[in-house]
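# Have a look at this prediction, sequence included:
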Amino acid sequence: MSETEQDIIRERYDLARERISELPREVSGEYADYICRVAELFQTVAEVLEAEGKERDYVRWNHRLYRDIEGDAYGSSYADPAFAAEKFGKDTGQYLCWYYAKFRDSIVAAYEGDLYGVLLCMELFLQVAEILAENDGKERFLKENIYYFIHDYDEEQMEKNICRMLIPDENALIHKIVMESDFSDTSYLYNYGEYISDNEIRLASYLASLPEERLASMAKTYTEGYRQGFIAAGIDLAKKSTVQIRYHIGFEPMVRQAVRQFAEMGLRPVFTRRSNTKSVGVVSTSPNKQYGYDHRFDEALYLNHALVKERLKTAERIFEKYKKEAVEYAGPAVIETFGEALFVPETKEDSPAFSGEQEKLSIGYTRDYTLIQNRYIPQDEYSFTIIAYPVPEIGPQFEEIFEATVEVNTLDMEEYRNIQQALIDALNQGDYVRVTGRGRNRTDIKVKLHPLEDPSRQTNFENCLADVNIPVGEVFTSPLLKGTDGTLHVTQVYLNQLRYEDLEFTFENGMVSAYSCSNYGTEEENRKYIKENILHNRDTLPIGEFAIGTNTTAYAMGRRFDIEEKLPILIAEKTGPHFALGDTCYSMSEDVVLHNPDGKEIIAKENECSLLRHTDIEKAYFNCHTDITIPYDELGDIVVYTSDGTEIVLIHDGRFVLPGTESLNEP
């Protein structure tokens, strides 16, 4: 940006800042409180933005910027669609609620010194204030203004997001926080501009207290898993130059070690921000999970065919512009967390919701955007790794649980390789597998396996160790859909930060034919909850994966500390058999030749849906993959049935009985 352009932006900012400061003295009537609250938000945002060279009061600012959506205060915030609808009616309330959430984008922009980003939010607010001052046509103008704002700045925002994923910037705020902060003083956490809770403060303090060698060892588990993932997939890491690091704020002492270790591999880090409602990137504890849930379908206020078509064209142009950087992108390295209080969302009639046509548009856009991205960053040319640790909110035994998690993440891979090979050797003899529950668990499902043309060289199941998917502990396959029938049930499970009670799916030829849970008072509410959050607004999904988790140490940890329901999918999937709804584990990389440690080629990498990629790619992929695990205490038997009717029992009454696997019962 030239100096002249910067001067123009500064002048526009000064004018907007002054005009916003005048509004609270001028307004009256039903929208006065709304305008005053937004003006107050921008007052604090401006203080942050203009703080260079001045004393900074980051703790006070953090409180002021997040207090209206924190805890019970959210119920009287204009960010809450129910409150906004109560004040202004459903339609106007939805629009003003959307704007209120959008104005909050200025918070992070201010901390990053992004004057232009703050200016866009301020000018948008002034447009809204002007519309509200008019007597007629408020709803129409508010809605039109949303659409044109999105349309006008979509390309800028998309390019910004893609650049942040692909292009390292050592001068960027997050990079400086990670590499330059004094971790002995946790006040550095407030430099992000994200919500900072006791989780972040205690986590950062705990990690800062660990010896550097300990932090380096933890980081090595994570970075070495990343490197091993490339080796296992036969991808040349030397051709890559960037790694996307995703983590929870508070992990900076470990992340700094990881950055140094990735540098030894020739990789520079890129850091991306999460959005207001989507927790992907560098994240902190949510000030209010209901806020994110209420706004998850905000696109319903403006999504249409024209916008989707234009977005896809824009994505194509931007990826073409940065195709060199895309080729050098190695993939994400993710540090997940677990232990936050369980969340059961409230479904609100006043929240935006997709129409049937918009559901199709949203699904189609996600699919087509992914296909465009995969042309420039093919899935068979990059890898990833993911590891998880607890946050202090998990309880008073946080440090003890953290140490136990480190142990789980560093189990002996050689021991597990041999145990899991015994399971695979038995499974490879099967025509199908039957999984049943016990006690209150109603699971009874038959899983059809791919036929092996040459069992001496081929295998159905991958021997999953601790590379891309830490910790060690599962064997998995992509089953055939035809012949996979029955019921999957869990009494309670926590999926993608949402809790489900008595979750049940019925499958016919591998596809969901019925589903239910008992979270809400009516069948309609329960089905809607599942459709939106597990089926992702689809009528059905296939079983993309069947796996047997073998990490009984992780299961025992969950039982010992009474945290089973708080374990993330990453660990929970290793604590029993699990089924994934959606794409297979090999989605869009089916043609990559993979071998197990015993040298056998993994041939079960797709199903009847993914095979459609050859003829109708729009029907082949679903861009989702949700693991649902049956814990050992709800598990009855897992039995392999061969084509001649022989039964091979792997697990009986939740205990491993196959010779060579009995040691898994010890934890």
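Yep, it's here.
# packing partners for the one helix or strand V512 maps to?
In the assignment (DSSP states H and E), V512 maps to strand 511-516. Here strand 511-516 touches strand 498-508, helix 523-533, going by 3 or more Cβ pairs under 8 Å, 6 or more residues apart in numbering; DSSP states H and E. Yep, even glycine has a C-beta here, placed from its N, CA and C like the rest.
# let's go with 10 Å and repeat that
strand 480-495, strand 498-508, helix 523-533, strand 577-582 (3 or more Cβ pairs under 10 Å, 6 or more residues apart in numbering; DSSP states H and E).
# With mean neighbour count and mean pLDDT added, can I get these in TSV?
Converted to TSV, those look like this (neighbours: other Cβ atoms under 10 Å; pLDDT from 0 to 100):
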stretch	mean neighbour count	mean pLDDT
strand 480-495	20	95
strand 498-508	19	95
helix 523-533	16	95
strand 577-582	25	96
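# re the thing from before, from the chain's centre, how far out does the strand holding V512 sit?
24 Å (Cα atoms, centre = their mean, to the nearest Å).
# Kindly report the same for stretch 292-310.
Centre to centre, stretch against its chain (Cα atoms, centre = their mean), the figure for stretch 292-310 is 19 Å.
# hang on, the earlier thing: kindly calculate the angle that the strand holding V512 makes with strand 498-508.
130 degrees (axes from the mean of the first three to the mean of the last three Cα atoms, to 10 degrees).
# buried residues in stretch 624-635?
For stretch 624-635, burial by neighbour count (16 or more other Cβ atoms under 10 Å) applies to C624, H625, T626, D627, I628, T629, I630, P631, Y632, E634, L635.
# hmm, which two among those residues are most spread apart?
C624 and Y632 (26.3 Å; Cβ to Cβ).
# where does the chain have low pLDDT?
53, 275-279 (pLDDT under 70).
# quick one, longest helix in it?
Ranked by residue count, the top helix of the chain under DSSP state H comes out as helix 138-166.
# Leaving out chain neighbours, which residue sits closest to L423?
V475 (5.3 Å; Cβ to Cβ, 6 or more residues apart in numbering).
# which residues does I394 contact?
Residues counted as contacts of I394 (Cβ atoms under 10 Å, 6 or more residues apart in numbering) are N199, T337, F338, G339, E340, A341, I401, F402, T405, F561, I563, K566.
# Try it again at 8 Å.
F338, G339, E340, I401, F561, I563, K566 (Cβ atoms under 8 Å, 6 or more residues apart in numbering).
# possible to save those residues as CSV with distance to F271 and secondary structure?
Shown next, in CSV, are these (distance: Cβ to Cβ, whole Å; DSSP: H, G, I helix; E, B strand; the rest coil):
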residue, distance to F271, secondary structure
F338, 21, strand
G339, 23, coil
E340, 22, coil
I401, 27, helix
F561, 31, helix
I563, 29, coil
K566, 27, helix
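# Quick check: of those residues, which lies closest to L15?
E340 (42.3 Å).
# Tell me where the stretch 351-500 of the chain has helices.
356-376, 398-409, 413-427 (DSSP state H, counting those that start in this stretch).
# right, I mislabeled it, should have said the stretch 551-667 of the chain
So, for the stretch 551-667 of the chain - with DSSP H, counting those that start in this stretch - the helices run 552-561, 569-572.
# which one of these is the most hemmed in?
Most buried of those, by mean neighbour count (mean count of other Cβ atoms under 10 Å): helix 569-572, with a mean of 24.
# ok, back up a step: out of the helices and strands packed on strand 511-516, nearest to D154?
helix 523-533 (24.4 Å).
# Show me what whatever helix or strand comes next after that closest one pairs with in its sheet, parallel or antiparallel.
Next in sequence after helix 523-533, counting helices and strands by DSSP H and E, comes strand 543-549. Sheet pairing here is set by DSSP bridges, and for strand 543-549 it gives strand 474-477 (antiparallel), strand 577-582 (antiparallel).
# Out of these, flag the one nearest A46.
strand 577-582 (44.3 Å).
# I'd like to check what contacts the strand holding V512. Which residues are they?
With contact meaning Cβ under 8 Å, 6+ apart, strand 511-516 is reached by 481, 502-507, 523, 526-527, 530-531, 534-535, 540-543, 581.
# likewise stretch 294-303?
79-82, 94-95, 98, 101, 143, 146-147, 150, 276-277, 348, 351-355, 358, 361-362.
# In PyMOL, select just the buried ones from these.
Remark: buried members of the contacts of stretch 294-303, expressed as a PyMOL selection using 16+ other Cβ under 10 Å:
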select buried, resi 79+80+81+82+94+95+98+101+143+146+150+276+348+351+352+353+354+358+361+362
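# Report the beta-bridge partners for the closest residue to T540 other than its chain neighbours.
Sequence neighbours aside, V512 is the residue nearest to T540 in space, at 4.6 Å (criterion: Cβ to Cβ, 6+ apart). Per DSSP bridges, the residues bridged to V512 are F507.
# can you pull the buried residues of stretch 299-307?
In stretch 299-307, counting by 16+ other Cβ under 10 Å, buried: E299, A300, L301, Y302, L303, L307.
# what helix or strand does G229 sit in?
Element membership for G229, per DSSP H and E: helix 212-233.
# could you say what helices and strands that helix packs with?
Applying 3+ Cβ pairs under 8 Å, 6+ apart, one finds that helix 212-233 contacts helix 252-264, strand 329-338, strand 385-390.
# gap between the helix or strand following it and the chain center?
For helix 212-233, the following helix or strand on the C-terminal side (DSSP H and E) is strand 242-248. How far strand 242-248 lies from its chain's middle: 13 Å, per Cα atoms, centre = their mean.
# How about stretch 26-43?
Centre-to-centre, stretch 26-43 and its host chain are 35 Å apart (Cα atoms, centre = their mean).
# Give me the contacts around that stretch.
17, 20-21, 23-24, 65, 68, 78, 87-88, 96, 100, 103-104, 106, 121-122, 125, 129, 132-133.
# Can you say which of those are buried?
Buried subset of the contacts of stretch 26-43 (neighbour count, 16+ other Cβ under 10 Å): 17, 20, 23-24, 65, 68, 78, 87-88, 96, 100, 103-104, 106, 121-122, 125, 129, 132.
# Select from the residues you listed every entry located in helices.
Per DSSP H, the buried ones among the contacts of stretch 26-43 map to helices at 17, 20, 23-24, 65, 87-88, 96, 100, 103, 106, 121-122, 125, 129, 132.
# Pick the one among those closest to L203.
L65 (20.8 Å).
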